[in-house]
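Enquirer: This is the structure alone, sequence omitted:
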Ligand SMILES: NC(=O)c1ccc[n+]([C@@H]2O[C@H](COP(=O)([O-])OP(=O)(O)OC[C@H]3O[C@@H](n4cnc5c(N)ncnc54)[C@H](O)[C@@H]3O)[C@@H](O)[C@H]2O)c1
């Protein structure tokens, strides 16, 4: 039997409880400890998941426990300290969720700390981890649809870092390229002048390392995701499994094809499951992460660059940005969490919220 990995969940609110359920279900992982700041919720999740090793925060937990994996499901503001504490405690892998911190230098520091210690640093539950998104990317990269000719992003506005990190992560996956230059236009002015991304509408043009010039639409067009096209095919991610078109009918319209995706091993857990399986594969076999800390950084960096290009009358900005002190905060719920932003998960919900439906 393969090694059984011990897991600590750091932050056990709404999403942390989902993570705990997946790790308790997988045959080669075991949740051994939980760090949760809210005392009432800490007690409830301890009982709910049958864990008696309960701590206030990461520092407290690592004084007593040495898990293989540190699974950090905290609001953005608290992620960096927990990653550094995990790395220094000698875990084999750390995962965080999106959006990651706000300041580029803070993300650099987390990545460097893990890299220098040979620790896998995974990026969590992004749509990029959807099994079908990964498979469509593999088909694209294998040349099944021919050479990539173009890409575009739709509906990026409103939350260009908090939720928009999804678009950038899929764009980079599908094109197999990094963003090298950003030119952007933004509105309204009040949103541009704030520290966070709430309500900020950005249109932009990204230059990619493979030479593509990629238009970025703030509003949803007919769709809200990423399009990538070749001479005769279109791969369209609009939240969920990508839709694929290949060829044209007599009227010149694209024809939707129905190429079957490989069924998931844990369909009940959807992309939280595929994301965690890729994390385990990376720790055990050096496999490639579906979502890495680097992916989260690149999403943040594209958003920071877009905001600053817009502020400077669409000046072109080269990536990586030279000024690592630049930051863009997500809205309060993502930055501070439910308890501090007023969207509190009640004790009753923590006790009985349905997680993954049994039948799915
Ligand atoms: N990837 C996704 O699809 C997705 C979905 C939902 C939430 N998120 C992100 O995940 C994060 C958590 O979201 P949530 O809905 O679980 O929020 P939440 O507020 O329900 O849970 C956060 C938990 O962390 C605890 N906490 C805060 N600071 C702590 C600390 N220093 N040490 C220990 N515990 C601490 C809080 O008490 C709370 O229980 C947010 O940043 C959110 O943006 C991502």
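Expert: Received, thanks. From a predicted model like this one, the values you see are computed outputs, not experimental measurements.
Enquirer: Can you name the residue of this protein nearest the ligand?
Expert: residue 13 (1.8 Å; Cβ to the nearest ligand atom). Where you see a C-beta, it was placed from the backbone N, CA and C, and this is true even at glycine.
Enquirer: correct me, but that residue touches residue 73?
Expert: Yes: with contact defined as Cβ atoms under 8 Å, residue 13 and residue 73 form a contacting pair (7.1 Å).
Enquirer: Give me the more crowded residue out of these two.
Expert: residue 73 (25 against 22; other Cβ atoms under 10 Å).
Enquirer: Report how many residues lie close to the closest residue to that one other than its chain neighbours.
Expert: Leaving aside its sequence neighbours, residue 73 sits nearest to residue 16 (Cβ to Cβ, 6 or more residues apart in numbering; 3.7 Å). Using other Cβ under 10 Å, residue 16 has 22 neighbouring residues.
Enquirer: Sticking with residue 16, tell me its helix or strand.
Expert: Per DSSP states H and E: residue 16 is located in helix 14-25.
Enquirer: Can you tell me the SS state at residue 109?
Expert: Recorded secondary structure, residue 109: helix (DSSP: H, G, I helix; E, B strand; the rest coil).
Enquirer: measure the closest residue to it other than its chain neighbours to residue 72 for me?
Expert: Excluding the flanking residues, the one nearest residue 109 by Cβ to Cβ, 6+ apart is residue 80, at 6.8 Å. Residue 80 sits 10 Å away from residue 72, going by Cβ to Cβ, to the nearest Å.
Enquirer: how much distance is there from the helix or strand harbouring residue 308 to the middle of the chain?
Expert: Using DSSP H and E, residue 308 maps to helix 293-311. Centroid displacement of helix 293-311 relative to its chain, using Cα atoms, centre = their mean, to the nearest Å, is 14 Å.
Enquirer: Mind listing what's buried along it?
Expert: Residues of helix 293-311 classed as buried by neighbour count (16 or more other Cβ atoms under 10 Å): 293-310.
Enquirer: Give me the helices and strands touching that helix, please.
Expert: Here helix 293-311 is seen to pack against helix 104-116, strand 120-122, helix 165-175, strand 179-187, helix 189-193, strand 201-208, strand 317-318 when contacts are counted using 3 or more Cβ pairs under 8 Å, 6 or more residues apart in numbering; DSSP states H and E.
Enquirer: Need the residues that contact the fifth one.
Expert: The list of residues contacting helix 189-193 from outside it, by Cβ atoms under 8 Å, 6 or more residues apart in numbering, reads 186, 198, 199, 200, 201, 307, 310, 311.
Enquirer: circling back: give me the more crowded residue out of residue 80 and residue 72.
Expert: With neighbours defined as other Cβ under 10 Å, residue 80 and residue 72 compare such that residue 72 has more, 27 against 22.
Enquirer: ok, back up a step: surely the residue nearest to residue 109 forms part of a helix?
Expert: Yes: per three-state DSSP, residue 80 lies within a helix segment.
Enquirer: got a pLDDT number for residue 3?
Expert: The score at residue 3 is 71. That number is its pLDDT.
Enquirer: What is the neighbour count of the residue lying closest to it once chain neighbours are set aside?
Expert: Spatial nearest neighbour of residue 3, chain neighbours left out: residue 28 (6.9 Å); criterion: Cβ to Cβ, 6+ apart. Burial of residue 28 is recorded as 12 neighbouring residues (other Cβ under 10 Å).
Enquirer: gap between residue 21 and residue 130?
Expert: According to Cβ to Cβ, residue 21 and residue 130 sit 19 Å apart.
Enquirer: I meant residue 315, not that one.
Expert: Applying Cβ to Cβ to residue 315 and residue 130 gives a distance of 35 Å.
Enquirer: quick one, which of those two is more surrounded?
Expert: Set residue 315 next to residue 130 and count neighbours by other Cβ under 10 Å: residue 130 wins out with 23 against 12.
Enquirer: ok, the more buried one - contacts?
Expert: By Cβ under 8 Å, 6+ apart, the residues touching residue 130 are 240, 241, 270, 271, 274.
Enquirer: Ok, residue 121 next?
Expert: 83, 93, 94, 95, 96, 110, 111, 114, 115, 292, 293, 294.
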